[in-house]
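**Q** give the three-dimensional model of this entry:
(one chain, ligands or ions: 1)
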Amino acid sequence: MSYINENFLELQDSYLFSTIAKKVAKFTEENPDKKIIKLGIGDVTKSIVPACLEAMHKAVDDMGTTEGFKGYGPEQGYDFLRKAIVENDYKQRGIDIEEDEIFVSDGAKCDCGNIVDIFAEDNKVAITDPVYPVYLDTNIMSGRKITYLPVTAENNFKPELPKEKVDMIYLCFPNNPTGTVLEKEELKKWVDYAKENKSIILYDSAYEAFITEENIPHSIYDIEGAKEVAIEFKSYSKTAGFTGVRCAYVVIPKQLKGYTKAGKEVSFNQLWNRRTCTKFNGVSYIVQRAAEATYSPEGKKQIEENIKSYLENAKIIKQGLEEAGFTVYGGVNSPYIWLKVPEGMTSWEFFDRLLEEANIVGTPGSGFGPHGEGYFRLTAFGTKENSIEAMNRIKRTNIR
Ligand code: MLT
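**A** Prediction:
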């Protein structure tokens, strides 16, 4: 007899974005003439930036020559990309990270999900609520005890430090789904807590490029001492249009230590390296060359343009919703706009009405956790035309 991992039975039936996709597919089938505007899952609409595309073409050609051909690459990523990351994302910002602290991967979703492999199953985990579902689901899958940290308008979307001691803490800023941020001093409190309690912060920084305001940390390593307590996740998905290409990286500083039950210190970097070599064969050469090109002068400029235009959409959506009478958060340092649904309506009821009456797809706040109930997320990753049209449609409905 083969027994299952019963933790899976504790999960919701379906992953949030799959549930939404199914609902939208059903609506489309029943209403083939309706033009749906999708502002649900945070998938980009701008194609891969030209600098990356060019690098990919060149890399494809390399693969067709005997000299340029690459077979299995280093599991942790090619040196050329790890060097470019260290130089551009860290050194130039005054942060000292070494190349062997970078692990290139096929996506921050996979990294955030896989990282649990190197942590004990009885670690206590703190997760903000609402939250990107991957942190929660992967910890439920491995049977860990979860402490929820509410982030709502009542606490200005700033999670409070856990009352009980926790071992792992997931933070994502700029936040998915609320689009809100922490200032340096606020993030420092978490680094201090982690130091005091020997906890590890798992810091998802996938939306860092959308920060527009001063005093918002672009990396957790901007905070003194964070290298002793934090793992950072970064992604090329939302900047260079890599949601389908797949490339990201995780930073695990060498001084980051965990403990055996007998109290022996062990380096998380070593564990992750061991795991990576066993379970992963590296991101393709072609994709890593494309990621490298994000750091070229043209690449940087093109990405800046992308971000600028997504932020412009965010502004259009934020203003449009406010004009329509909604209370709105986020959208300033983030591509996500988080709105309060009308009094007396649940997030899913709002989802249904928005789909039926305005043919707009968003994401119900409760799908991100119990404290997301009463809220709704729209993304700025659509086109400008659709962002404007969506706001006009919302204004024409009476969903208030
Ligand atoms: C989201 O919509 O929250 C994200 O696009 C999902 C992801 O990055 O996996």
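**Q** and Arg353, what is it in contact with?
**A** 345, 397, 399 (CB atoms under 8 Å, 6 or more residues apart in numbering). Any C-beta I mention is one placed from the backbone N, CA and C, and that applies to glycine too.
**Q** mind checking which of those are buried?
**A** In terms of neighbour count (16 or more other CB atoms under 10 Å), the buried residues within these are 345, 399.
**Q** turn the contacts of Arg353 into TSV, including pLDDT, distance to the ligand and secondary structure.
**A** Listed next are those as TSV, based on pLDDT from 0 to 100; distance: CB to the nearest ligand atom, whole Å; DSSP: H, G, I helix; E, B strand; the rest coil:
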residue	pLDDT	distance to the ligand	secondary structure
Met345	96	22	coil
Thr397	94	24	coil
Ile399	88	22	coil
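**Q** for the residue of the stretch 1-150 of the chain found nearest the ligand, which residues are in contact?
**A** Using CB to the nearest ligand atom, Gly42 is the residue of the stretch 1-150 of the chain that sits closest to the ligand, at 3.1 Å. Gly42 makes contact with 176, 238, 335-336, 379, 381, according to CB under 8 Å, 6+ apart.
**Q** near the ligand, which residues of the stretch 151-300 of the chain show up?
**A** For the stretch 151-300 of the chain, the residues in contact with the ligand (CB under 6 Å from any ligand atom) are Asn176.
**Q** for the residue of the stretch 201-350 of the chain found nearest the ligand, give me phi and psi.
**A** The nearest approach of the stretch 201-350 of the chain to the ligand comes at Ser237, 6.2 Å away (CB to the nearest ligand atom). Phi and psi for Ser237, reported as degrees, to the nearest 10, are phi -60, psi -50.
**Q** shift numbering so it begins at 58
**A** OK, 58 is where the count begins now, so the last one is Ser294.
**Q** touching, Asp279 and Arg150? I think so.
**A** Yes. Using CB atoms under 8 Å, Asp279 makes contact with Arg150 at a distance of 7.4 Å.
**Q** ok, now which ones touch the residue of the stretch 258-407 of the chain closest to the ligand?
**A** 101, 164-165, 263, 300, 303, 305.
**Q** among these, which lie within helices?
**A** Ala165 (DSSP state H).
**Q** what is the nearest of the contacts of Ser294 to Ile417?
**A** Lowest distance from Ile417 to the contacts of Ser294 (CB to CB) belongs to Val101, with 18.0 Å.
**Q** what about the chain, any weak spots by pLDDT?
**A** Within the chain, not a single segment meets pLDDT under 70.
**Q** can you list the domains in this protein?
**A** Each domain of the chain is listed here as a residue range: 63-104+357-454, 107-354, per automatic domain parsing.
**Q** now do the same end-to-end measure for the shortest one.
**A** As for domain 63-104+357-454, its first-to-last residue distance stands at 45 Å under the measure CA to CA, to the nearest Å.
**Q** just want the most central residue of the protein.
**A** Taking CA atoms, centre = their mean, the centroid of the chain lies closest to Ala263, which sits 4.5 Å from it.
**Q** what about Tyr192, how many residues nearby?
**A** 24 (other CB atoms under 10 Å).
**Q** which element is it on?
**A** Assessed by DSSP states H and E, Tyr192 sits inside helix 190-198.
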